[in-house]
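Asks: after the sequence you'll find the predicted model.
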Amino acid sequence: MRLPGTASPSPRGSVPSMRSASPLVTFASAALTVAMAAGPLAAQATRVAPADLRAEATAGSEAERYLRVLQVAGRAPLYPWSLRAFSPREVDALAADSAGPWAPRVPTVEDAGTRVQLLRPAVRGAYNTGFPGGVNDGAVWAGRGATASVSAGAMLRWGVLSVRVEPVAFWTQNRDFALMPNGQPDSLRFLDPVSPRGIDLPQRFGEGGYSRIDPGESTARVDVRGFALGVSTAGQHWGPTEELPLLLGTNAGGFPHAFLGTSSPWRVGIGTLHGRMVWGSLAQSPYSIVEGHGSRRLMTGVLAVFTPRGLDGLELGGARFFHTAWPEGGVTGSVLWEPFQGLFKGGLSETGEGPDSRTSNDNQLAAVFARWVLPRAGFEAWAEFAREDHNWDLQDAFLQPDHNSGYTLGARKVWTRGARMYSARAELLDAQPGNVQQVRGGAPFYRHTRERQGHTQRGQILGSPAAYGGAGAVVAVDGYTPRGRWTVEWSRTRVRTLRASVDSTRITGVDVVSSLGGQAVLFRGLADLSLGLRGDWELNRHGGDDAFNLNATLGFRLGF
């Protein structure tokens, strides 16, 4: 859907656009109607604060990050952090006894009956002077020039049922800037310069303004007898990482999906087990080269988190994520359970394709991860390791663990000073091809030979863009006070490895962005004001001169 006064995207390719999400869009409209109709039921509902952070703790949100810092500081209960977004009940448990600097915005809710709550509308703006700049901002794509987004909605909690409807609409000016040549004609010149026919990752979304309306952070779920099931278009974050997830984060926003899992960790004798199965629909951008069959993908995934008994604060887990061309004959049970297939290719059924006779058209990623929180020390550390392909067998896994793989390491230290909290954190990602690349073929992370959209949703990386480039790092200091938050952050992202030509294997250099900036969130009555200023220095941009981009952001949430 386009907003008035914007240019239409190129008609190239068969684009599912909003059609692929139409069932959940219909659901969102119906859910909003239910929430509005339930108003009389909420006449005696618990009164909540105009700025209730419980209602805003979506994956990657300001409220969720705050709860994590509280947990590390020992001011919120220990709970697995590797399966997000949290349910309303989980947020209630995390915020139940919190006594942090934002306590007035985390009100105690004593009545578990029916509650209807309007979500505070959020308006955000960004401006990029030199080239596009934005990461972990969900469905929004911030091009060069001005970008504006708005979101609003409502929540209903009725016994075991919870419904949240919060769509988002954005528009970006998408001003012209120099593209890196990719050897493609016409609208295909906007595609990725390294692999224009191997991943759906446009450098620019066409000429002129670009806009979209997305169902956003919308979910309907039932939590009963230890089980959780529902449908959603909300963002997800798998694993314990903060800003550099390898498997799934909030860089591309959510996608329509159904899920089934545990509503809270189950006791299994030697610890607890928390998990979820997810089935979803992935869409491509208007500039993908894929047409017809394969332009829409079925996503299937599974995630499990184990917390061992006697080792408080430790969580261990793993996840698998599969991309499959949407079956022409309809979705069958065998496809839905694909994430449970064997870990080693040598044990799979023969397909007769590829040099190993077991090659599949599916794109699968797998990850293992760990996090350990030591609240008495105010410290946490985490790690994630991911693979882009099956190992042939266990021996292959031990001999060449760096084949098509990447890892993220991170740590945080939190100090409490009266009503203030300070956090210092660092995170490192490395997904560069190892020396095995010289004797065994591979591809950049997130790219796949047969599923040519790669690990993307609507033209944006589902994990961290740094993993596709090969490396990234973040170092930041955060301060939390009763009046808000401030952050100073430095990051380094490898954009791409430069080669002699698109098809060449000879490396000629790297394209790297170093960024330094600050952010602030200011509480003013019923409103939250957010400000940000960041400088991006891109060294060796497109294999040529260096370039600079100034990114400025401004946003606010307004209470009722």
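Replies: It's in. Numbers count the residues shown, from 1 in each chain.
Asks: low-confidence stretches in this protein?
Replies: Within the chain, the ranges that satisfy pLDDT under 70 run 1-51, 98, 108-113, 342-360, 390-393, 396-400, 403, 434-443, 499-508, 560.
Asks: what segments of the stretch 151-300 of the chain are strands?
Replies: Assigned by DSSP state E, counting those that start in this stretch, the strands in the stretch 151-300 of the chain fall at 161-165, 168-172, 210-214, 219-224, 227-232, 237-238, 257-262, 266-267, 271-282, 297-308.
Asks: now the stretch 301-450 of the chain
Replies: Listed in chain order, the strands of the stretch 301-450 of the chain (DSSP E, counting those that start in this stretch) span 314-325, 363-374, 379-387, 405-417, 420-430.
Asks: any chance of the ones you listed in JSON lines, with mean neighbour count too?
Replies: Bear in mind the C-beta positions are built from the backbone N, C-alpha and C, glycine included. Listed next are the strands of the stretch 301-450 of the chain as JSON lines, based on neighbours: other CB atoms under 10 Å:
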{"stretch": "strand 314-325", "mean neighbour count": "22"}
{"stretch": "strand 363-374", "mean neighbour count": "21"}
{"stretch": "strand 379-387", "mean neighbour count": "21"}
{"stretch": "strand 405-417", "mean neighbour count": "20"}
{"stretch": "strand 420-430", "mean neighbour count": "20"}
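Asks: redo those as CSV? Include distance to Gly261.
Replies: Output for the strands of the stretch 301-450 of the chain, formatted as CSV (distance: least, CB to CB, whole Å):
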stretch, distance to Gly261
strand 314-325, 12
strand 363-374, 17
strand 379-387, 20
strand 405-417, 24
strand 420-430, 27
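Asks: doesn't Ser218 make contact with Val165?
Replies: Yes: Val165 is within contact range of Ser218, at 4.9 Å (criterion: CB atoms under 8 Å).
Asks: now Gly463: how far from Trp238?
Replies: Counting by CB to CB, to the nearest Å, the separation of Gly463 from Trp238 is 9 Å.
Asks: so these two - more neighbours on which side?
Replies: Per other CB atoms under 10 Å, whichever of Gly463 and Trp238 has more neighbours is Gly463, with 31 against 28.
Asks: tell me the SS of that one?
Replies: The three-state label given to Gly463 by DSSP: H, G, I helix; E, B strand; the rest coil is coil.
Asks: try the one 5 residues further on
Replies: Assigned state for Tyr468: helix (three-state reduction, three-state DSSP).
Asks: residues touching it, list them.
Replies: Listed by CB atoms under 8 Å, 6 or more residues apart in numbering, the contact set of Tyr468 reads Ile199, Leu201, Ala431, Pro444, Phe445, Tyr446, Arg447, Ile461, Arg496.
Asks: report the buried members of the residues you listed.
Replies: The neighbour count (16 or more other CB atoms under 10 Å) marks Ile199, Leu201, Ala431, Pro444, Phe445, Tyr446, Arg447, Ile461, Arg496 as buried among the contacts of Tyr468.
Asks: make JSON lines from those residues and add distance to Gly253 to it.
Replies: Listed next are those as JSON lines, based on distance: CB to CB, whole Å:
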{"residue": "Ile199", "distance to Gly253": "18"}
{"residue": "Leu201", "distance to Gly253": "15"}
{"residue": "Ala431", "distance to Gly253": "22"}
{"residue": "Pro444", "distance to Gly253": "22"}
{"residue": "Phe445", "distance to Gly253": "20"}
{"residue": "Tyr446", "distance to Gly253": "16"}
{"residue": "Arg447", "distance to Gly253": "21"}
{"residue": "Ile461", "distance to Gly253": "11"}
{"residue": "Arg496", "distance to Gly253": "23"}
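Asks: got the buried residues for stretch 125-141?
Replies: Residues of stretch 125-141 classed as buried: 126-128, 130-141 (neighbour count, 16+ other CB under 10 Å).
Asks: mind checking how far that stretch is from the chain centre?
Replies: 15 Å (CA atoms, centre = their mean, to the nearest Å).
Asks: just the terminal-to-terminal distance for that stretch.
Replies: With CA to CA, to the nearest Å as the measure, stretch 125-141 spans 12 Å from end to end.
Asks: do stretch 198-212 as well
Replies: End-to-end distance for stretch 198-212, by CA to CA: 24 Å.
Asks: buried residues in it, which are they?
Replies: In stretch 198-212, counting by 16+ other CB under 10 Å, buried: 198-206, 209-212.
Asks: what packs against the top strand by length along the chain?
Replies: When the chain is parsed with DSSP state E, its longest strand is strand 507-524. Secondary-structure packing of strand 507-524 (3 or more CB pairs under 8 Å, 6 or more residues apart in numbering; DSSP states H and E): strand 484-499, strand 527-539.
Asks: return the shortest one as CSV; C-alpha atoms alone will do.
Replies: What that stands for is strand 527-539. Presented in CSV, the C-alpha positions along strand 527-539 are these (Å, rounded to 0.1, in the frame of the first residue of the first chain):
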residue,chain,number,x,y,z
ALA,A,527,5.3,12.1,27.0
ASP,A,528,8.6,10.4,26.2
LEU,A,529,10.9,12.4,23.9
SER,A,530,13.7,10.6,22.2
LEU,A,531,16.7,12.3,20.5
GLY,A,532,19.7,10.9,18.6
LEU,A,533,22.7,12.1,16.7
ARG,A,534,25.2,9.8,15.0
GLY,A,535,28.1,10.2,12.6
ASP,A,536,28.8,7.4,10.1
TRP,A,537,32.2,7.3,8.5
GLU,A,538,32.2,4.8,5.6
LEU,A,539,35.8,3.9,4.7
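Asks: in the following helix or strand past it, what's buried?
Replies: Scanning forward in sequence from strand 527-539 by DSSP states H and E, the next helix or strand is strand 547-558. Neighbour-count burial for strand 547-558 flags Ala547, Asn549, Asn551, Thr553, Gly555, Phe556, Arg557, Leu558 (criterion: 16+ other CB under 10 Å).
Asks: and which of these is nearest Gly159?
Replies: Checking these against Gly159 with CB to CB, the nearest one is Arg557 at 28.3 Å.
Asks: so the closest one makes contact with Phe523?
Replies: No: in terms of CB under 8 Å, Arg557 does not count as a neighbour of Phe523; the distance is 10.0 Å.
Asks: not counting its own residues, what contacts stretch 59-67?
Replies: Contact with stretch 59-67 is made by 53-54, 56-58, 76, 84-86, 91, 94-95, 98, 100, 102, 136, 138, 234-237, 242, 249-250, 480, 485, 521, 528, as judged by CB under 8 Å, 6+ apart.
Asks: how far out from the middle of the chain is it?
Replies: Once both centres are worked out by CA atoms, centre = their mean, stretch 59-67 turns out to sit 13 Å from its chain's centre.
Asks: mind listing what's buried along it?
Replies: For stretch 59-67, the neighbour count (16+ other CB under 10 Å) marks Ala59, Gly60, Ser61, Glu62, Ala63, Glu64, Arg65, Tyr66, Leu67 as buried.
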